[in-house]
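Undergrad: could you work out the structure for the sequence below:
(one chain, ligands or ions: 2)
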Amino acid sequence: MKSIIITGGAGFIGSHVVRLFVNKYPEYRIINVDKLTYAGNLANLKDIENKPNYRFVKADICDFDTMYALMQEEQVTGIIHLAAESHVDRSIKDPFTFARTNVMGTLSLLQAAKLYWEALPEKYDGKRFYHISTDEVYGALEMTHPEGITPPFSTQASSEHHEAYGEDFFVETTKYNPHSPYSASKASSDHFVRAFHDTYGMPTIVTNCSNNYGPYQFPEKLIPLFINNIRHRKPLPVYGKGENVRDWLYVEDHARAIDLIFHQGTVAETYNIGGFNEWKNIDIIKVVINTVDRLLGRQEGEDMDLITYVTDRAGHDMRYAIDSRKLQAELGWEPSLQFEEGIEKTVRWYLEHQEWMDNITSGEYEKYYDDMYGKR
Ligand code: NAD
Ligand code: TYD
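TA: Ligands and ions are numbered 1, 2, ... in the order given. Just a heads-up that it's a prediction; the model follows:
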């Protein structure tokens, strides 16, 4: 019987992971630990909140005593750690909160798991501490794409992608070189996780994933923010020249990778997760505008004039691109969706869930907890 804490389960990626585990493994006990910061929204989990194998605990991962007591109470065998402050722009304004949650919070979980597991007769046998990280810890890549290539740069098989675009990708052994307070805090937490393996023998795994997109993403991130702005004909703030490149993966493909790696990944290993799907921001923005316009019955491209170039983000990383061939070769994972399908599905979801979006933009979503679980 597995008893798994998933941290950050009320956030974007965490809610997809919780949903997948609760539905796919009715024999497991899934405990979602989330502080419900501005980014946590229990409405993301409405469809599974009454399942018998699911429990929600509102708690701060930095609270060591609560984490330790919960691990004992639930006889936890696995931890899938997603809770984090995740938005680069916020980290530029408020780096302390990022160090607190991402570094100290991760350390608090690690130490609680260590003390709990080491006191058991079987110790670390059958246990897993799985830390979810980002490709941003590797720093930024140069723009090496040949000029005149129309996006997507590739959604083809990885080997073709490499043949066309060379070897300039993040691999698992790429040296860490974070630039933003967000990526610096994630890099630090990754180091702590690996240190707990190397020092105490804790069975840890780290994965570094590229940019995710899909339903339930907080509308401060590029894709949901822009979908909502296009709908309401508000300006679309494009940082700098819009030429930065990001490598986009549909969130359910990330959740599937997490499931596979949690169960079959090798302890102490790192796996990069990405779909070989690089886009310049401005090109992806044009696709989003055309898709929203079409689905709203407007003329395609009608809203291009909402594009508004604004001052660039400080320290804006030029390009991220993940090489996920290790994960593909060792565990047989591959993305299930082509980007065109993924973006269509995503835009459609946001347009059909206007109430979810309005609840966030009006601030109503923060009351959901009180209604569900009683006053805080
Ligand atoms: P998110 O901001 O949508 O969700 C974060 C969740 O963590 C929220 O529910 C929030 O309430 C919770 N949380 C924050 N601080 C907490 C604390 N101190 N204690 C308990 N809970 C707390 O983030 P996301 O985009 O879903 O990212 C999840 C994880 O995946 C993060 O670790 C992030 O670094 C990583 N990641 C994200 C992406 C991406 O594109 N979004 C890509 C690669 C990796
Ligand atoms: P974001 O979704 O914040 O993810 P990340 O910074 O983790 O990659 O941003 C994706 C890209 O879009 C990034 O290059 C910054 C850019 N961007 C804008 O141009 N305008 C915006 O309003 C936002 C939120 C992002």
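Undergrad: got the residues of the protein near ligand 1?
TA: Contacts of the chain with ligand 1, taken as Cβ under 6 Å from any ligand atom, map to 7-8, 10-14, 34-37, 39-40, 60-62, 82-86, 101, 105, 132, 134, 186, 209, 211-212, 218. C-beta: built from backbone N, CA, C; applies to glycine.
Undergrad: give me the subset of those lying in helices.
TA: 12-14, 186 (DSSP state H).
Undergrad: I'd like to know which of the residues of the chain next to ligand 1 are part of strands.
TA: 7, 34, 132, 134, 209, 211-212 (DSSP state E).
Undergrad: which of these sit farthest apart?
TA: Asp34 and Asn211 (21.7 Å; Cβ to Cβ).
Undergrad: buried ones among the residues of the chain next to ligand 1?
TA: Neighbour-count burial (16 or more other Cβ atoms under 10 Å) is assigned, among those, to 7-8, 10-14, 34-37, 39-40, 60-62, 82-86, 101, 105, 132, 134, 186, 209, 211-212, 218.
Undergrad: give me the buried positions along stretch 92-109.
TA: Neighbour-count burial for stretch 92-109 flags 95, 98-109 (criterion: 16+ other Cβ under 10 Å).
Undergrad: again with stretch 327-341
TA: Buried residues in stretch 327-341, counting neighbours by 16+ other Cβ under 10 Å, are found at 327-328, 331, 333, 335, 337, 339.
Undergrad: end to end on it, go ahead and measure it.
TA: The first and final residues of stretch 327-341 sit 23 Å from each other (Cα to Cα, to the nearest Å).
Undergrad: can you tell me what sits against it?
TA: The set of residues external to stretch 327-341 that reach it, using Cβ atoms under 8 Å, 6 or more residues apart in numbering, is 152, 155, 158, 248-250, 252-253, 256-257, 260-261, 264-266, 271-273, 275, 277, 279, 324, 345.
Undergrad: would you map the helices across the stretch 1-150 of the chain?
TA: Ranges of helices in the stretch 1-150 of the chain, per DSSP state H, counting those that start in this stretch, are 12-24, 64-74, 88-93, 95-98, 106-118.
Undergrad: for the shortest one, packing partners?
TA: In this structure, helix 95-98 packs against helix 88-93, helix 181-200, with contacts taken as 3 or more Cβ pairs under 8 Å, 6 or more residues apart in numbering; DSSP states H and E.
Undergrad: go again using 6 Å as the cut-off
TA: Applying 3 or more Cβ pairs under 6 Å, 6 or more residues apart in numbering; DSSP states H and E, one finds that helix 95-98 contacts helix 181-200.
Undergrad: what bits of the stretch 1-150 of the chain have low per-residue confidence?
TA: Judged by pLDDT under 70, the stretch 1-150 of the chain has its weakly predicted residues at 144-150.
Undergrad: ok and the residue in it nearest ligand 2?
TA: Val88 (4.2 Å; Cβ to the nearest ligand atom).
Undergrad: what about that residue, neighbour count?
TA: By other Cβ atoms under 10 Å, 21 other residues sit near Val88.
Undergrad: that one reaches Ser180, doesn't it?
TA: Yes. Applying Cβ atoms under 6 Å, one finds Val88 in contact with Ser180, separated by 5.0 Å.
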